[in-house]
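K.L.:
structure for the following, please:
(one chain, ligands or ions: 1)
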Amino acid sequence: MQVRSLPVLQNWDCHSCGDCCRSYAVPATADERRRIEGQGWESLPDFQGVPFFVKRGGEFYLNHRADGGCVFLGTDNLCRIHGKFGSAAKPLACRIYPFLLVPAGDHWNLGLRLACPSAAENKGRGLNAQLGDAREYATFFESTAAKGAIESPPPPLHGSQVVPWGDVARIASAFSKMLANDEDPFERRWRKILFIITMLKKAKFDGGGDAKKAVTAGKLSEMLHVLGLAADDDEPETAAEVKRPGWAGRTVFRQLVAVFSRKDHGAEKGTAQRGPVRRFASAVKFAAGRGRVPKVHAVLTDAATFAAGEVPLGALSDTAVSLLARWHRVKVESLQFCGSPNFGLSVWEGLESLALTFPAAMWLARVLVAGGKSLDASVTQAVRMVDDNFGFNPLLGSMRQKFALRMLANRGDLPRLIAWYGR
Ligand code: SF4
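P.N.:
Numbering: from 1, shown residues only. Predicted structure coming up:
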């Protein structure tokens, strides 16, 4: 199978910050454990009495030291397994991060997690230059049980409406172009896309069982073009002209923000995540939306208040807008927003869930600005935090969160939240 890079210009190279080695619970297969156990680490003084792996819920993970770092992270922030035995000696999960291989019919799309600081800052070589490594990982996936993923049918648009992979790619390409359109403020780009989705949800792509009425590739391109023009006419020019989201919408939104902001593992784990009582108290505070924001992530300071989350950021810098556009174009073009990489969401719901990450990141950025960070640094940090959870935090795949997303979409609150927190 081929691995395809993305049209959006996105760069990355590892700059050995060690963030991922301090952040994640890395699973290790039986083969990987055997390999690492045969590398002779137990003879070194700093490994005396230190297990290499821990077992949780029947799975094995790389162990971490008291400072939060992986047991194999050296004082120079470099992986000692990599340093001594080369990249191939590490667990695959370490090697592949921050790449994602997204099944797309007859090929894989190369996606990227902007939770990695180098990816968020666009530092390094273009993704095109990384295809060699990505193909090696894809070959591995194809030789394992994950092979089924590449043979899977396209995710439905909505309900039972299914179109070929090529049409899903056509939709992604049209929306990626809209996200890149710098004639619109970033928040309006998403409002226009949501307008089109609302219209397309009403279409019967399979012709209601009549093949002659089915939407062909040509008709789909025409529909996207015409609806793009209608969205431009219909959507208010500025966020200030959009109705404020209602109390219920903002309450549900804050509960989703609580999930998008949290850090459950590693050195930046929030203290509000320690134990069921604290987690419950934190959920109640997010619902109430008053006082200090619970420390669901270590970067949230005492200055982080719910009131700060309601203070507009004002105009974003070109740097911030370009990061936001690049982030969402990577997600859209790679198709990471729907199907298996995003808890089985349909195409339209996956796009709505991605749209919601924009107000979530803006809310977080407002709170971080109140804590003294610069605007650009706050936006970058917020994007990294939200992207860390998007498609990965199992809570976002729960029935409860899917219901919350559906409720916001059905009430018409998504464009309002985007405009309100995009100010
Ligand atoms: S977070 Fe990114 S840049 Fe930092 S060590 Fe991991 S892959 Fe490298």
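K.L.:
let me know the average pLDDT across stretch 193-206.
P.N.:
Averaging pLDDT along stretch 193-206 gives 93.
K.L.:
equivalent analysis for stretch 414-423, please.
P.N.:
For stretch 414-423, the per-residue pLDDT averages 97.
K.L.:
next one: stretch 328-341
P.N.:
Averaging the model's pLDDT scores along stretch 328-341 yields 96.
K.L.:
what's the offset of that stretch from the middle of its chain?
P.N.:
On the basis of Cα atoms, centre = their mean, to the nearest Å, stretch 328-341 sits 8 Å off its chain's mean C-alpha point.
K.L.:
next one: stretch 267-284
P.N.:
Between the centre of stretch 267-284 and the centre of its chain there are 22 Å (Cα atoms, centre = their mean).
K.L.:
same deal with stretch 75-94?
P.N.:
The chain centre lies 25 Å from the centre of stretch 75-94; the measure is Cα atoms, centre = their mean.
K.L.:
buried residues, that stretch. List them.
P.N.:
Applying a neighbour-count criterion of 16 or more other Cβ atoms under 10 Å, the buried positions in stretch 75-94 are 79, 80, 81, 82, 89, 90, 91, 92, 93, 94. Where C-beta positions appear, they are placed from N, C-alpha and C, glycine not excepted.
K.L.:
who touches the fifth one in this structure?
P.N.:
Contact criterion Cβ atoms under 8 Å, 6 or more residues apart in numbering gives 35, 36, 39, 81, 82 as the residues in contact with residue 89.
K.L.:
quick one: which of those is nearest the ligand?
P.N.:
The shortest gap between the ligand and any of these belongs to residue 82, at 10.5 Å (Cβ to the nearest ligand atom).
K.L.:
how near is the closest one to residue 263?
P.N.:
Spatial separation of residue 82 from residue 263 under the definition Cβ to Cβ, to the nearest Å is 25 Å.
K.L.:
name the SS class of the residue lying closest to residue 78 once chain neighbours are set aside, please.
P.N.:
Ranked by Cβ to Cβ, 6 or more residues apart in numbering and with sequence neighbours excluded, the top spatial neighbour of residue 78 is residue 16, at 5.7 Å. Reducing the assignment to helix, strand or coil with DSSP: H, G, I helix; E, B strand; the rest coil, the entry for residue 16 is coil.
K.L.:
any idea how many residues pack against residue 215?
P.N.:
Other residues lying near residue 215 total 19 when counted by other Cβ atoms under 10 Å.
K.L.:
now the strands for the stretch 1-150 of the chain?
P.N.:
Taking DSSP state E, counting those that start in this stretch as the criterion, the stretch 1-150 of the chain contains strands spanning 2-4, 11-12, 53-56, 59-62, 99-103, 107-112, 125-126.
K.L.:
could those go into a markdown table alongside mean pLDDT?
P.N.:
A markdown table is the format used below for these (pLDDT from 0 to 100):
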| stretch | mean pLDDT |
| --- | --- |
| strand 2-4 | 87 |
| strand 11-12 | 95 |
| strand 53-56 | 95 |
| strand 59-62 | 96 |
| strand 99-103 | 93 |
| strand 107-112 | 93 |
| strand 125-126 | 94 |
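K.L.:
any chance of CSV for the ones you listed, columns distance to the ligand and mean neighbour count?
P.N.:
Output for those, formatted as CSV (distance: least, Cβ to the nearest ligand atom, whole Å; neighbours: other Cβ atoms under 10 Å):
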stretch, distance to the ligand, mean neighbour count
strand 2-4, 19, 17
strand 11-12, 8, 20
strand 53-56, 20, 13
strand 59-62, 14, 18
strand 99-103, 9, 24
strand 107-112, 10, 23
strand 125-126, 13, 12
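K.L.:
got a markdown table for these, with distance to residue 72 too?
P.N.:
As requested, those are arranged in a markdown table below (distance: least, Cβ to Cβ, whole Å):
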| stretch | distance to residue 72 |
| --- | --- |
| strand 2-4 | 28 |
| strand 11-12 | 22 |
| strand 53-56 | 11 |
| strand 59-62 | 7 |
| strand 99-103 | 20 |
| strand 107-112 | 24 |
| strand 125-126 | 25 |
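K.L.:
what is the neighbour count of the residue of the stretch 51-200 of the chain found nearest the ligand?
P.N.:
Going by Cβ to the nearest ligand atom, the ligand is nearest to residue 116 of the stretch 51-200 of the chain, at 3.4 Å. Taking other Cβ under 10 Å as the criterion, the count of residues near residue 116 is 23.
K.L.:
from now on call the first residue 41
P.N.:
Okay, residue one is now 41; in that scheme the one you just asked about reads as residue 156.
K.L.:
could you find the closest non-adjacent residue to it?
P.N.:
residue 138 (3.9 Å).
K.L.:
can you check residue 63 too?
P.N.:
residue 306 (4.0 Å).
K.L.:
still on that earlier bit, show me what contacts the residue nearest to residue 156?
P.N.:
When the contact criterion is Cβ under 8 Å, 6+ apart, the partners of residue 138 are 52, 60, 152, 153, 154, 155, 156, 159.
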